[in-house]
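[1] sequence plus the predicted model coming up.
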Amino acid sequence: MRLIIRDSAEDASSYIADYVIDRIKAFEPSPEKPFVLGLPTGGSPVLIYRRLVERHRAGEISFRNVVTFNMDEYVGIPQEHPESYHSFMYKARGPICARGWLLNALAQHFFSHVDVPPRNINLLNGNAPDLEAECHEYENKIRKYGGIELFLGGIGPDGHLAFNEPGSSLKSRTRVKTLAYDTILANSRFFGNDLSQVPRMALTVGVQTVLEAREVVIIITGAHKALALQKCIEEGVNHMWTLSSLQLHPHPLIVVDEDATLELKVKTVKYFKSIEKVVNEVGLAQNFPRKRDSVVEDQISLAPNGHGSTRKMDKMELPRIDISCGPSPVLEPMSARMGKATPGPFIDDEVGDEPRLTSMHERMEELSLAEQ
Ligand SMILES: N[C@@H]1[C@@H](O)[C@H](O)[C@@H](COP(=O)(O)O)O[C@@H]1O
């Protein structure tokens, strides 16, 4: 588990956006070998999308060979509803205020502003005639692409991942889910604070679906999510805080702002900050997870055009780094640390400098000799 702490939500979001861009570039996606990206909605990723769009406009990243799978969608509201996750992901522009300014440039979101081809975009259909079949098909499609390379996500204040509410099976897959009261309450802010307007059900990828991604990157900002972060980082795996399932993932990365760390122990915060410092010092900051850890390593993927070309993930090598003079204290041998202490009766000091522990029967013999 890596935890990256940044001063503000803006900094945390920029970190993630830049990280995702680095990953896509390093992957060198092509039509035959697209980069498969899992995407979230909600307030937390808005600044991430803004930066992705900015860097795309600056010509620094193309999403032409990226295939996306969104995490979730409400059941029963039309796709064109302003609060559907379809609308969220495409959203062309923010609301205009009375003076004609673009009041909320942050509301631009993603698909309408980048070059991801529409055929590469996958969103669950919350109005499908057969919701179960829709979920089943979604999982199949992810599998056909060889699994998700990087799943980007946020969490709810109760630690839910996608719409995997407290108590969700950690083995769950894409399915229909009834929303918890807490979630309905939290999301009512998008529905004019009218609880009755918030859908009661959603389609969501499962915990297991997320865990099978090769990498999972989560953004958590705000004091209202501090308890969830604490439960997930400092306590054990628990289905009541589904984010904690990331402890079972080989490459989870959680990026937070300072407010989200409010419930963490000082020791925890210092630990993760020191890890980041060391990682930067030895130049491993941009190191990629090793492909052989991937749960999708040996899976066969289909090209997005359905041609069925296969690919095997490339092996990536760790950079060679001299860590012999790293920041860790040089360990001294035991003998040096013990100084000139007189060896006790059970220590054989005749074999070099390093004391040797003697076996029980030797010690018994020595004792009986001494008594005679
Ligand atoms: N299903 C979504 C989650 O995927 C999202 O992580 C959560 C947090 O949203 P926000 O970032 O607005 O707090 O909201 C919803 O419940």
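    Ah, there it is. All figures in this text were calculated on a predicted structure; none of them were measured in a lab.
[2] C-alpha from now on. contacts and neighbour counts both.
    Will do.
[3] could you measure from residue 243 over to the ligand?
    Distance, residue 243 to the ligand, using Cα to the nearest ligand atom, to the nearest Å: 10 Å.
[4] just list whatever residues bridge to the residue positioned nearest the centre of the chain.
    Ranked by distance to the mean C-alpha position of the chain (Cα atoms, centre = their mean), the top residue is residue 217 at 2.3 Å. Beta-bridge pairing for residue 217 (DSSP bridges): residue 152, residue 253.
[5] I figured it hits residue 150, correct?
    Yes: using Cα atoms under 8 Å, residue 217 is in contact with residue 150, at 7.2 Å.
[6] what about residue 73, which helix or strand?
    strand 72-74 (DSSP states H and E).
[7] ok, residue 42 next?
    Applying DSSP H and E, one finds residue 42 in no helix or strand.
[8] please determine how far it is located from residue 220.
    Note on residue 42: its distance to residue 220, by Cα to Cα, to the nearest Å, is 11 Å.
[9] overlap in contacts of these two?
    Listed contacts common to residue 42 and residue 220 are residue 154; contacts here mean Cα atoms under 8 Å, 6 or more residues apart in numbering.
[10] quick one, helices of the stretch 51-200 of the chain?
    With DSSP state H, counting those that start in this stretch as the definition, the stretch 51-200 of the chain shows helices at residue ranges 85-90, 131-144, 181-187.
[11] list the buried residues in the last one.
    Applying a neighbour-count criterion of 16 or more other Cα atoms under 10 Å, the buried positions in helix 181-187 are 183-184, 186-187.
[12] give me the subset of these that also touch the ligand.
    Restricting these to those near the ligand by Cα under 6 Å from any ligand atom leaves residue 183.
[13] rebuild the buried residues of helix 181-187 as JSON lines, extending it with pLDDT.
    Listed next are the buried residues of helix 181-187 as JSON lines, based on pLDDT from 0 to 100:
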{"residue": "183", "pLDDT": "89"}
{"residue": "184", "pLDDT": "93"}
{"residue": "186", "pLDDT": "88"}
{"residue": "187", "pLDDT": "89"}
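[14] in TSV: the buried residues of helix 181-187, plus distance to residue 281.
    Converted to TSV, the buried residues of helix 181-187 look like this (distance: Cα to Cα, whole Å):
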residue	distance to residue 281
183	41
184	44
186	40
187	41
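[15] returning to what we had before: adjacent strands (with direction) for the strand holding residue 73?
    Strand pairing for strand 72-74, using DSSP bridges, gives strand 201-204 (antiparallel).
[16] give the contact list for residue 171.
    Residue 171 neighbours (Cα under 8 Å, 6+ apart): 206-208.
[17] against residue 147, how distant is the closest residue to residue 176 other than its chain neighbours?
    Spatial nearest neighbour of residue 176, chain neighbours left out: residue 203 (4.6 Å); criterion: Cα to Cα, 6 or more residues apart in numbering. Residue 203 is 19 Å from residue 147, where distance means Cα to Cα.
[18] do the same with residue 41
    20 Å.
[19] so between the two, which is more surrounded?
    Neighbours were counted for residue 41 and for residue 147 using other Cα atoms under 10 Å; residue 147 has more, 27 against 23.
[20] ok, that one touching residue 210?
    No: Residue 147 is beyond contact range of residue 210, at 9.8 Å (criterion: Cα under 8 Å).
[21] lowest-pLDDT helix or strand in this structure?
    Every helix and strand of the chain was ranked by mean pLDDT, DSSP states H and E. The lowest is strand 347-348, at a mean of 37.
[22] near residue 192, how many other residues are there?
    Using other Cα under 10 Å, residue 192 is surrounded by 10 other residues.
[23] same question, the one 10 residues further on
    Look at residue 202: counted by other Cα under 10 Å, it has 23 neighbours.
[24] distance of it from residue 167?
    The value you get for residue 202 to residue 167, if Cα to Cα is used, is 16 Å.
[25] try residue 148
    According to Cα to Cα, residue 148 stands 24 Å off from residue 167.
[26] those two: which is more packed in?
    Taking other Cα under 10 Å, residue 148 and residue 167 do not tie; residue 148 has more neighbours (24 against 12).
[27] and the stretch 51-200 of the chain, which residues reach the ligand?
    154-156, 161-163, 183.
[28] per-residue pLDDT, the residue nearest to residue 55 when sequence neighbours are not counted?
    Nearest residue to residue 55, sequence neighbours excluded (Cα to Cα, 6+ apart): residue 61, at 6.3 Å. At residue 61, the pLDDT value in this model is 98.
[29] wait, what's in contact with residue 61?
    21, 25, 55.
[30] tell me the one of these nearest the ligand?
    residue 21 (20.6 Å; Cα to the nearest ligand atom).
[31] excluding chain neighbours, what is closest to that closest one?
    Leaving aside its chain neighbours, residue 21 sits nearest to residue 61 (6.8 Å; criterion: Cα to Cα, 6+ apart).
[32] and residue 258, by the same measure?
    Closest to residue 258 by Cα to Cα, 6+ apart is residue 7, at 5.3 Å.
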